[in-house]
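Q: coords please:
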Amino acid sequence: EDHFRKSYVDFMTTKGSHNDTYASTCHRMFFANMVFHKKDPKDCPDNDGHNVDTIDGLILPTVTALAETARQLHLGSKDGEG
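A: Residues are numbered from 1 along each chain as shown. The predicted model follows:
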């Protein structure tokens, strides 16, 4: 958990690490809590009761599903090798 959070903060705050021009609500709320409210990063996740529950809630499960599908495809291709 701590490694994931640190990697997330490092990635999002390192210039040139990504070319995203839009930060969804969950990211904006996290960094507002960290920067403006001086919260410890472990206390920064937040929820506006609308956007985070709907659109933002689909991001991590989608990435997880895609990663697992890729892993399964990779494992399947290894099984076919002789």
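Q: which strand or helix spans the residue nearest to D53 when sequence neighbours are not counted?
A: Closest residue to D53 apart from its sequence neighbours, by Cβ to Cβ, 6 or more residues apart in numbering: N47 at 6.7 Å. Yep, even glycine has a C-beta here, placed from its N, CA and C like the rest. For N47, there is no helix or strand it lies in under DSSP states H and E.
Q: cool, the one 3 residues further on as well?
A: Using DSSP H and E, H50 maps to neither a helix nor a strand.
Q: what's around it, how many residues?
A: Burial of H50 is recorded as 10 neighbouring residues (other Cβ atoms under 10 Å).
Q: for the residue nearest to D53, give its distance to M29.
A: 8 Å (Cβ to Cβ, to the nearest Å).
Q: more neighbours, these two?
A: A direct count of neighbours by other Cβ under 10 Å for N47 and M29 places M29 higher, at 19 against 13.
Q: quick one, phi psi at the more buried one?
A: Dihedral angles phi and psi of M29 (degrees, to the nearest 10) take the values phi -70, psi -40.
Q: repeat for the one 4 residues further on
A: As for N33, its main-chain torsions (degrees, to the nearest 10) stand at phi -60, psi -40.
Q: that one and N47 touch, don't they?
A: No: using Cβ atoms under 8 Å, N33 is not in contact with N47, being 11.2 Å away.
Q: need the pLDDT of I59.
A: We have a pLDDT of 77 for I59.
Q: touching, it and S24? I think so.
A: Yes: using Cβ under 8 Å, I59 is in contact with S24, at 7.2 Å.
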